[in-house]
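>>> Attaching a predicted model along with its sequence, questions to come.
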Amino acid sequence: MSGHGSPDQKIPHLPQARVAVVAASWHEQVMGGLLDGALRACLEAGVTEPTVLRVPGSFELPVAADRLARSHDAVVALGVVIRGGTPHFDYVCSAATDGLARVALDHGVPVGFGLLTCDDEAQALDRAGLPGSREDKGYEAAAAALATARMLADWVSRAH
Ligand code: DLZ
């Protein structure tokens with residue numbers, strides 16, 4: 001999958017939204033870029049004080065996202081998993097991905113998917129929104145969660 005074809009996602013104005021960002025701690029340089037991007041998107045939406053929680057690794061993202069989804073309108077999950085020589089990569093990636101999808105559906109709360117699953121660190125740096133990166137996946141994940149939260153809120157107010 002490449003970034004080609006991604007939408008030009010507009011950030012909605014949502015100053016009252018309760019937004020949480022949950023971020024893993026492995027690969028700190030990449031995580032710094034992802035976190036900065038997500039917080040920039042929140043700021044552009046008028047969300048000045050999102051909840052920010054750090055967890056040890058990407059495997060822990062779903063349990064934290066689950067808790068946060070009970071009291072927030074949108075959750076953004078950020079992590080980086082780099083392929084090593086063992087099957088560990090596949091287990092961590094699929095547990096985090098499946099878990100985050102389940103959180104979104106169980107709670108009806110959008111979960112922005114900012115989990116990078118990369119072959120090596122260079123690929124991750126290229127997506128981290130750092131100077132020289134081609135993509136800014138933390139920003140994109142937050143923009144998607146915010147836009148979905150806005151769409152759902154608009155739909156609920158029209159339907160009731
Ligand atoms: C164990 C592990 C490994 C090998 N690699 C990563 C990684 O690249 N990125 C990441 O976020 N976490 C990694 N982890 C840690 C697991 O996500 C988890 O924190 C531990 O297995 C403890 O539950």
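Structure's in. What do you need? Numbers count the residues shown, from 1 in each chain.

>>> make it CA atoms for all contacts and neighbour counts henceforth
OK.

>>> now residue 35: how far from the ligand?
According to CA to the nearest ligand atom, to the nearest Å, residue 35 stands 14 Å off from the ligand.

>>> Residue 66 - nearest residue in space that isn't next to it in sequence?
Among residues not flanking residue 66 along the chain, residue 103 sits closest, at 5.4 Å (CA to CA, 6 or more residues apart in numbering).

>>> so how far is the helix or strand where residue 67 lies from its chain's centroid?
Here residue 67 sits within helix 61-69, counting by DSSP states H and E. Once both centres are worked out by CA atoms, centre = their mean, to the nearest Å, helix 61-69 turns out to sit 12 Å from its chain's centre.

>>> How many residues are close by residue 29?
Neighbourhood size, residue 29 [other CA atoms under 10 Å]: 14.

>>> Make sure I have this right: it is in a helix.
Yes: counting by DSSP: H, G, I helix; E, B strand; the rest coil, residue 29 is found in a helix.

>>> right, and residue 13 touches residue 42 too?
No: between residue 13 and residue 42 there is no contact under CA atoms under 8 Å: 9.4 Å.

>>> returning to that earlier point: helices or strands next to whatever helix or strand comes next after the helix holding residue 67 in the packing?
On the C-terminal side of helix 61-69, the nearest following helix or strand under DSSP H and E is strand 74-82. Helices and strands touching strand 74-82, as assessed by 3 or more CA pairs under 8 Å, 6 or more residues apart in numbering; DSSP states H and E, comprise strand 19-23, helix 28-44, helix 61-69, helix 88-107, strand 111-118, helix 121-126, helix 137-159.

>>> could I get those as CSV with mean pLDDT and distance to residue 50?
Output for the helices and strands packed on strand 74-82, formatted as CSV (pLDDT from 0 to 100; distance: least, CA to CA, whole Å):
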stretch, mean pLDDT, distance to residue 50
strand 19-23, 98, 5
helix 28-44, 98, 7
helix 61-69, 98, 11
helix 88-107, 96, 18
strand 111-118, 97, 14
helix 121-126, 97, 24
helix 137-159, 94, 11
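
>>> For residue 53, pull up the helix or strand it's in.
strand 51-54.

>>> buried ones in that strand?
By 16 or more other CA atoms under 10 Å, strand 51-54 has no buried positions at all.

>>> residues contacting the residue nearest to residue 66?
Residue 103 makes contact with 62, 65, 66, 69, 109, 111, according to CA atoms under 8 Å, 6 or more residues apart in numbering.

>>> Swap in 7 Å and give it another go.
Taking CA atoms under 7 Å, 6 or more residues apart in numbering, we find residue 103 in contact with 62, 65, 66.
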